[in-house]
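Trainee: Build me a model from this:
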Amino acid sequence: LAAKLKGRPQQQVAGLKVGGVVIKRLGAIISDRAAFHSRRFLYPVGFCAERMYASYRQPGQQTTYTCEVLDAGEGPEFKICVRDDTDNPIVASTPTAAWRVVEQRVQAVPPAPGDTSRPQAGMRLCGAAYFGLAHPSVMRLLCKMPGASKCSNLMLARKQEQMSDQLEDEAPDKPDKPEASAAEGAGSGGGGGGAGGRSTPKAAAKRESVGESAKEAAPATPQAAAGG
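Mentor: Model (predicted):
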């Protein structure tokens, strides 16, 4: 496996900072094993990122957490090394599982007096986001890498989302309900209601505007003229 990894082109990045994560290395896309990508994320082998987070060794302080994606054969492994606890790395089968171990260690230590930076217990975790894999800028870079277009699950999901967005953008205005349209048609004498007495929001707004203009342009009544 190590020999295969050396033969794959790995893309380096010079400390790309996205949010609170610094991307050190993008790694290499594994397209011939389905477990190395999902419908939402790519898990490139060799990916490496760093972020600052609460220390469980020094309460009230932050330390550097180094996140890596490793090749475990059939699927990826997600490893987290903590700068002030290098002898106890965390390795899990998903990024969320790895970060849950971090959270458990942090919450197991009594908080330092006045520490407001400590994460809340029981908060929802997205491990891919903590690794930096979920950031849009990182996703764009990963999707341009060799082999990314062969990751069928991810590509199919992205195409479906794009098609859904396009259909929503192209959808015409929906007509009013038949009951409301009929009432409007009767109130306006059936004029301007469109075919079958139906009325769209745009047509209703236009009729209202025309009605107000007619009121403003109407001649004054004799009583109003006498009063003036």
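
Trainee: Could you list the low-confidence segments of the protein?
Mentor: 1-14, 156-228 (pLDDT under 70).

Trainee: who are the neighbours in contact with Val18?
Mentor: Val18 makes contacts with Gly132, His135, Ser137, Val138, as judged by CB atoms under 8 Å, 6 or more residues apart in numbering. No exception for glycine: its C-beta is placed from N, CA and C like everyone else's.

Trainee: Okay, and the beta partners of it?
Mentor: Applying DSSP bridges to Val18 gives these bridge partners: Val21.

Trainee: For this protein, just list every one of the strands.
Mentor: Ranges of strands in the chain, per DSSP state E, are 11-18, 21-27, 48-54, 62-71, 76-82, 85-92.

Trainee: Nearest to Leu154 among those would be which one?
Mentor: With CB to CB, the closest approach to Leu154 among the strands of the chain belongs to strand 76-82: 13.9 Å.

Trainee: That closest one pairs with which strands, parallel or anti?
Mentor: Strand 76-82 is paired, per DSSP bridges, with strand 62-71 (antiparallel), strand 85-92 (antiparallel).

Trainee: if we compare these, which one ends up closest to Arg118?
Mentor: From the strands paired with strand 76-82, taking CB to CB, the stretch that ends up closest is strand 62-71, at 10.1 Å.

Trainee: re the thing from before, take the strands of the chain and write them to a markdown table, including distance to Ala35.
Mentor: Compiled in a markdown table, these are given as follows (distance: least, CB to CB, whole Å):
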| stretch | distance to Ala35 |
| --- | --- |
| strand 11-18 | 21 |
| strand 21-27 | 15 |
| strand 48-54 | 19 |
| strand 62-71 | 11 |
| strand 76-82 | 7 |
| strand 85-92 | 14 |
